[in-house]
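Asks: Structure of the sequence below:
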Amino acid sequence: MANLRKRQIKGTILLEALLALGVFAVIASLLLGQITQSRKEAAVILQKEEVLQVAQMALQTGQDHLSLNGIEIRIQRTKDQIRVFHQGEELIDVEKR
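Replies: Prediction:
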């Protein structure tokens, strides 16, 4: 009878250890997934920041077209308005009133 109880206790300890390992694995995979998603979002933000920096360079140098690091910026100037474009999308529209 005592031998059976020892086996039962060892089996219970093993089961608890496996359960704890499973919980740890789930938590670790969730954390790694969030880190990956955060890095992707940071890369998108850095790309947008770089586009805006190139646009600022084009405006400061007075150029109507500037290509730098694979980023192409086009600027349309009129008497009362400045519009900045990147890949056909309008980034900035400044109008004098």
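
Asks: what sits against the most centrally placed residue in the chain?
Replies: Nearest residue to the geometric centre of the chain (C-alpha atoms, centre = their mean): Glu41, 1.1 Å. When contacts are counted by C-beta atoms under 8 Å, 6 or more residues apart in numbering, Glu41 touches no other residue. Quick note: C-beta positions are derived from backbone N, CA and C, even for glycine.

Asks: chain center to whichever strand or helix holds it, what's the gap?
Replies: With elements delineated by DSSP states H and E, Glu41 resides in helix 2-61, which encompasses its position. How far helix 2-61 lies from its chain's middle: 14 Å, per C-alpha atoms, centre = their mean, to the nearest Å.

Asks: for the record, mean pLDDT for that helix?
Replies: If you average the pLDDT over helix 2-61, you get 90.

Asks: Quick one: name whatever helix or strand follows that helix.
Replies: strand 65-68.

Asks: in that following strand, what's buried?
Replies: For strand 65-68, burial by neighbour count (16 or more other C-beta atoms under 10 Å) applies to Leu66.

Asks: Same question for stretch 59-66.
Replies: With burial defined by 16+ other C-beta under 10 Å, the residues of stretch 59-66 counted as buried are Leu59, Leu66.

Asks: Could you do stretch 43-51 as well?
Replies: Taking 16+ other C-beta under 10 Å as the criterion, stretch 43-51 shows Val51 as buried.

Asks: can you list the residues that contact that stretch?
Replies: Asn69, Ile71, Ile73, His86, Leu91.

Asks: Now for those: which two are most distant?
Replies: Distance extremes for the contacts of stretch 43-51: the farthest pair is Asn69 and Leu91 at 16.1 Å, using C-beta to C-beta.

Asks: higher neighbour count, those two?
Replies: Shown here are Asn69 and Leu91; by other C-beta atoms under 10 Å, Leu91 has more neighbours (16 against 9).

Asks: Please report how far the more buried one lies from Thr78.
Replies: Leu91 sits 17 Å away from Thr78, going by C-beta to C-beta, to the nearest Å.

Asks: So for stretch 33-44, what gets flagged as buried?
Replies: Buried positions in stretch 33-44, judged by neighbour count with 16+ other C-beta under 10 Å: none.
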